[in-house]
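Asks: sharing a model that was predicted from the sequence below.
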Amino acid sequence: MSQRIEFHFKNPEDSPGFLLGQLTLLWQRKQKRVLDPLDLTHTQFALLCALAWLLRESDKVTQVDIAMQSNADRMMVSKVLRTLEEKQFITRQEHPTDTRAKTIKLTPEGERVLQKAIVSVETADLEFFNQIGTDVQTFNATMAALIKENAKKA
């Protein structure tokens with residue numbers, strides 16, 4: 001007979017980590033369904049969004065800027081940007097002052113695909129989180145606080 005394993009939580013549904021994991025998996029599946037027809041992964045979409053946000057402030061956005069904006073690993077960002085360049089969604093050009101860096105820009109096709117993706121993802125999010133109703137601001141604030149607190153420890 002095996003040892004009796006003890007858990008702090010009596011049931012999986014009592015564990016916030018378990019619930020968050022399950023919710024994340026379901027949300028990722030929904031995101032994949034809306035992004036697949038646009039030939040985008042969620043990571044590609046997130047980096048395109050980071051680029052678009054940064055381009056509002058500067059026309060000299062670098063790979064490092066995108067990595068910082070999206071809180072992503074620089075090497076992963078580099079690989080994903082290479083893929084987005086192959087798909088002709090972005091261009092990378094020599095930086096005017098930093099010889100080690102390249103400036104990243106959206107192509108017209110990248111802008112078109114990103115705009116479609118934003119509409120699809122935001123619609124999917126509204127459908128997915130509709131159970132929260134008017135408490136969405138509290139939910140978002142709680143998630144943001146958890147991210148901020150735990151990012152310090154990461």
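Replies: Good, I have the coordinates.
Asks: which residues in this structure form helices?
Replies: Assigned by DSSP state H, the chain shows helices spanning 16-35, 42-55, 63-70, 74-86, 108-128, 136-153.
Asks: quick check: angle from the shortest one to helix 74-86?
Replies: The one in question is helix 63-70. On the basis of axes from the mean of the first three to the mean of the last three C-alpha atoms, to 10 degrees, helix 63-70 is oriented at 110 degrees to helix 74-86.
Asks: what sits against the residue nearest to Leu26 when sequence neighbours are not counted?
Replies: Spatial nearest neighbour of Leu26, excluding adjacent residues (C-beta to C-beta, 6 or more residues apart in numbering): Phe128 at 7.7 Å. Placement of C-beta: from N, CA and C, glycine included. By C-beta atoms under 8 Å, 6 or more residues apart in numbering, the contact set of Phe128 is 26-27, 30.
Asks: looking at the residues you listed, which is nearest Arg56?
Replies: For the contacts of Phe128, the closest approach to Arg56 (C-beta to C-beta) belongs to Trp27, at 26.3 Å.
Asks: okay, the contacts of Phe128 in a markdown table with pLDDT, distance to Thr91 and neighbour count next?
Replies: Listed next are those as a markdown table, based on pLDDT from 0 to 100; distance: C-beta to C-beta, whole Å; neighbours: other C-beta atoms under 10 Å:
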| residue | pLDDT | distance to Thr91 | neighbour count |
| --- | --- | --- | --- |
| Leu26 | 96 | 35 | 11 |
| Trp27 | 95 | 31 | 15 |
| Lys30 | 96 | 31 | 15 |
